[in-house]
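Engineer: my questions concern the predicted model and sequence given below.
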Amino acid sequence: MNRKDFLSLSSRAALFLGVAPSVIACKDDKSTIDSDKLNELLSQTKADGSLVNLKHEAIPKVRVGMIGMGNRGSVLIQMFEYLIKNNHAEIVALADLKEDKLNKNNDYLSTIQPGGADLYFGNESAWKKVANRDDIDLLLIATPWNYHAEMCLYGMEHGKHVACEQPMAMTLKDCWKLIEVAERTKRHCMYMENCCFNGEELWVLNMINEGVFGDVNHAEGAYIHDLRKHMMDETYYEDQWRIKHHQIKNGNFYTGHGLGPVSFYMDIGRGDNYDHLVSMSSKEQSLSEAAVKNNFWATEFACGDMNTTLIKTKLGRSIMLQFDTHTGRPYSRLNTVTGTKAVHQGYPSRLYVGHNELQWGHSWLKDQEYREYRERYDHPLWKRLREQIDANAVGHGGMDFVMIYRLIRCLNQGLPLDINLYDSVLWSAITPLSQISVANNSASTKVPDFTGGSWVNKRKNEVLRPII
Ligand SMILES: NC(=O)c1ccc[n+]([C@@H]2O[C@H](COP(=O)([O-])OP(=O)(O)OC[C@H]3O[C@@H](n4cnc5c(N)ncnc54)[C@H](O)[C@@H]3O)[C@@H](O)[C@H]2O)c1
């Protein structure tokens, strides 16, 4: 995007947002926020909602093609051991730009699936041969962000269900394309938000479902993870793709770890929906200082150290979402949820339960009381899968295994997935929407309804179903 496009975007955004173009000042003239028809993209209502509860015929053994075998792909493949050994899944093909990454992963695969998989590599489009095969049911995508929308769209157009790492799309235009293509092809399109399947988050969700929290009115989620070292490492991310986003954009690029669980807590898409947001970034300092100190090839970054986005829901709840991968500080996803009867805060996990109005208190539950709640409301899935989870702790302590397990077992049984198309697009859209708000002095920005109005229908979260 050149400067002319950006200025034109700014004027159109200003028109929509009701702020004078002169107040818009942003040096980010290479941003990838949609430049075309912004008003239309923000106000569109073209989804038909038909993919809520999407079911397909049961697939007794899911045939999987994986694209992107870097850091993430190498972990995801290990989550299949139990499923392959129990004949629930088979990995048919692996694709990457690099042959050596494929060989390494295929060597591992051969230890759990004799013969391994077919390999596709050598150029940017070799992955299409995987999507073109007619003996694959599901494409699993773990490539750099810029490829996600294209790969999901191509996969669905070629009859595949898709499950993709976050974000599924980086522009509003691509969000709407995902809706159009998924609704037309009737394929599953799942954002692989592993944190929705973590033990702590599922425990909190279970307590909310059982009424421990009363009404949930506010929640906070985040991706706070000091990635400076990895982003400047020449070998960690292929072609250092990640830091390049920080050079040119300002907003929240990694929404799902915070938003996924929080949206589950609030029945988003299942009785409530996001209405509007405001987003603000702090100045950038920590990444550029580290870059100068390390003689890194780039020393200027558009993305502020901390982005904070506030989202208001249709039913009047509020969400605070943060994104900081620049600052030296301990990892956190916050995982805070406030109800009329209880409060949870993560990092470390603490619970307050104030059921009895005559005993309003100010302290977190003591260890013993906390443990009682932990045991009583542990999500049945984590109880039942404990042995397999422990054996797969390499996947972020077990949540990656639970996510892949649920995805495959839902397909095996012809059931709707836990995370559907509308969740996937909504969580992705917060990236461009946060950029638009940041570029417009944190102006309030409407969140489009990607569900075709289907969000008004209340239903229990799918992840609470007891699936074997
Ligand atoms: N959910 C999580 O906990 C989690 C953790 C890590 C990464 N991720 C996500 O996973 C994705 C990948 O991240 P990563 O850390 O593995 O990055 P990476 O750079 O290690 O891996 C990306 C891989 O994609 C390959 N690739 C690039 N272009 C390709 C193309 N056109 N065709 C085929 N392969 C191609 C690269 O060669 C590389 O091996 C990102 O979306 C990231 O956000 C998620």
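Structural biologist: The structure has been received and is ready for your questions. Numbers count the residues shown, from 1 in each chain.
Engineer: now do the helices in the stretch 51-200 of the chain.
Structural biologist: 71-78, 81-85, 99-112, 128-132, 148-157, 172-185, 199-209 (DSSP state H, counting those that start in this stretch).
Engineer: hmm, who's touching the third one?
Structural biologist: Under the criterion Cβ atoms under 8 Å, 6 or more residues apart in numbering, residues 69-70, 73-74, 77-78, 80-81, 84-85, 91, 94-96, 116-117, 119-122 lie in contact with helix 99-112. For the C-beta atoms, the positions are set from N, CA and C on the backbone; glycine is no exception.
Engineer: list the contacts of the residue in the stretch 1-150 of the chain that the ligand sits nearest to.
Structural biologist: The nearest approach of the stretch 1-150 of the chain to the ligand comes at residue 70, 1.9 Å away (Cβ to the nearest ligand atom). Listed by Cβ under 8 Å, 6+ apart, the contact partners of residue 70 are 96, 101, 142, 143, 237, 238.
Engineer: name the helix or strand for residue 49, please.
Structural biologist: Per DSSP states H and E: residue 49 is located in neither a helix nor a strand.
Engineer: shouldn't it be in contact with residue 454?
Structural biologist: Yes. Residue 49 lies in contact with residue 454 (Cβ atoms under 8 Å); the separation is 3.1 Å.
Engineer: touching both of the two, which residues are there?
Structural biologist: Common neighbours of residue 49 and residue 454 (Cβ under 8 Å, 6+ apart) are residue 422.
Engineer: per-residue confidence for residue 445?
Structural biologist: With respect to pLDDT, residue 445 scores 94.
Engineer: ok, the closest residue to it other than its chain neighbours - how many residues close by?
Structural biologist: Counting by Cβ to Cβ, 6 or more residues apart in numbering, residue 437 is the residue found nearest to residue 445 once chain neighbours are left out, at 4.6 Å. The burial count assigned to residue 437 is 27, neighbours taken as other Cβ atoms under 10 Å.
Engineer: look up how far residue 425 lies from residue 437.
Structural biologist: 18 Å (Cβ to Cβ, to the nearest Å).
Engineer: can you check residue 275 too?
Structural biologist: For residue 275, the distance to residue 425 - Cβ to Cβ - is 16 Å.
Engineer: over to residue 387?
Structural biologist: 35 Å.
Engineer: more neighbours: which of those two?
Structural biologist: Higher neighbour count among residue 387 and residue 425: residue 425, with 26 against 9, using other Cβ under 10 Å.
Engineer: any idea how far the ligand is from the more buried one?
Structural biologist: 16 Å (Cβ to the nearest ligand atom, to the nearest Å).
Engineer: hmm, that residue is touching residue 180, no?
Structural biologist: No. Counting by Cβ under 8 Å, residue 180 is not a contact partner of residue 425; they are 10.6 Å apart.
Engineer: so what's the residue nearest to residue 347 when sequence neighbours are not counted up against?
Structural biologist: Of all residues not flanking residue 347 in the chain, residue 332 sits nearest, at 4.3 Å (Cβ to Cβ, 6+ apart). Residues near residue 332 by Cβ under 8 Å, 6+ apart: 222, 224, 346, 347.
Engineer: now the first one: which helix or strand?
Structural biologist: For residue 222, the host element (DSSP H and E) is strand 216-224.
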